[in-house]
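> quick one: sequence plus predicted model below, questions after.
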Amino acid sequence: MEGASTPSAHETLHVGLGYDVHALVRDRPLIIGGVHVPCELGLLGHSDADVLAHALTDAILGAMRAGDIGQLFPDTDPAYENADSIVLLSQVAQLMRTQGYRLVDADCVIAAQEPRLSPYRDAMRERLAGALGVDVQSVGVKATTTEHLGFEGRGEGISAQAVVILAVGAARCTCSNSSVQAPGTGTDATIHGIL
Ligand SMILES: [Zn+2]
């Protein structure tokens with residue numbers, strides 16, 4: 001797979017950032033990155049409340065300038081009650097591909113005081129990469145505590161952030177913002193939103 005995700009001179013790169021938070025409550029399963037984590041508390045939400053899958057989904061939609069997860073999958077729609085967020089992520093990945101975008105790379109961080117999530121990191125990467133249809137090497141997952149600070153530190157909730165880089169054929173790029181020549185590339189590659 002080496003080099004498979006390297007953008008070509010005829011592609012434009014878009015960056016996307018996603019952030020999500022859910023409250024920790026009793027009597028809910030704890031599902032993060034498509035992995036069921038044994039815990040007496042779980043995340044509260046209309047869907048399965050997979051905070052990591054939601055942040056990653058939003059990052060992709062952000063890079064596509066295609067709105068956000070709440071617009072695409074409204075929490076007022078009974079169809080998404082207890083929905084498997086990995087399925088929703090795979091639907092957005094499908095949308096991404098049909099619009100000519102390709103995921104180059106993704107990285108994520110989960111902020112949770114408890115439970116300890118690092119033993120589940122690789123399983124989460126496998127699940128997310130599978131939903132995205134990319135190699136597991138293209139998806140990073142890290143977990144951190146917040147040293148008992150903030151709502152995560154008090155165990156009231158869990159947050160996740162994700163950043164993605166998508167490549168799109170320059171001819172298909174509909175971004176209306178002025179673009180910046182990527183420095184030192186000597187190519188027509190442009191980068192939106194990073195510089
Ligand atoms: Zn969410």
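On my side now, so go ahead. Numbers count the residues shown, from 1 in each chain.
> tell me the centre residue of the chain?
L56 (0.9 Å; C-alpha atoms, centre = their mean).
> how far away is that one from the ion?
For L56, the distance to the ion equals 11 Å [C-beta to the ion, to the nearest Å]. (Glycine included, C-beta is placed from N, CA and C.)
> repeat that for V21.
7 Å.
> remind me which helix or strand that residue belongs to.
Element membership for V21, per DSSP states H and E: strand 11-26.
> now D105
Using DSSP H and E, D105 falls in strand 101-111.
> which SSE is immediately downstream of that strand?
helix 121-132.
> which strands and helices sit next to that following helix?
strand 35-36, helix 51-63, helix 85-98, strand 101-111, strand 139-144 (3 or more C-beta pairs under 8 Å, 6 or more residues apart in numbering; DSSP states H and E).
> pull the distance from the longest one to the chain's centre.
Helix 85-98 has its average C-alpha position 11 Å from the chain's average C-alpha position, going by C-alpha atoms, centre = their mean, to the nearest Å.
> with the last one instead?
What separates the centre of strand 139-144 from the centre of its chain is 11 Å, taken as C-alpha atoms, centre = their mean.
> so for that strand, mean pLDDT?
For strand 139-144, the mean pLDDT works out to 98.
> partner strands of that strand and their direction?
strand 101-111 (parallel) (DSSP bridges).
> tell me the contacts of the residue of the chain found nearest the ion?
The ion sits closest to H54 of the chain, with a gap of 3.4 Å, by C-beta to the ion. For H54, the contacting residues are 18, 20, 47, 69, 85, 160, by C-beta atoms under 8 Å, 6 or more residues apart in numbering.
> low-confidence stretches in this structure?
The model of the chain has pLDDT under 70 over residues 1-5, 171-195.
> close to the ion: what parts of it are there?
By C-beta under 5 Å from the ion, the part of the chain that sits against the ion consists of 20, 54.
> list the buried residues in stretch 26-42.
Residues of stretch 26-42 classed as buried: 28, 30-35, 37, 39, 41-42 (neighbour count, 16 or more other C-beta atoms under 10 Å).
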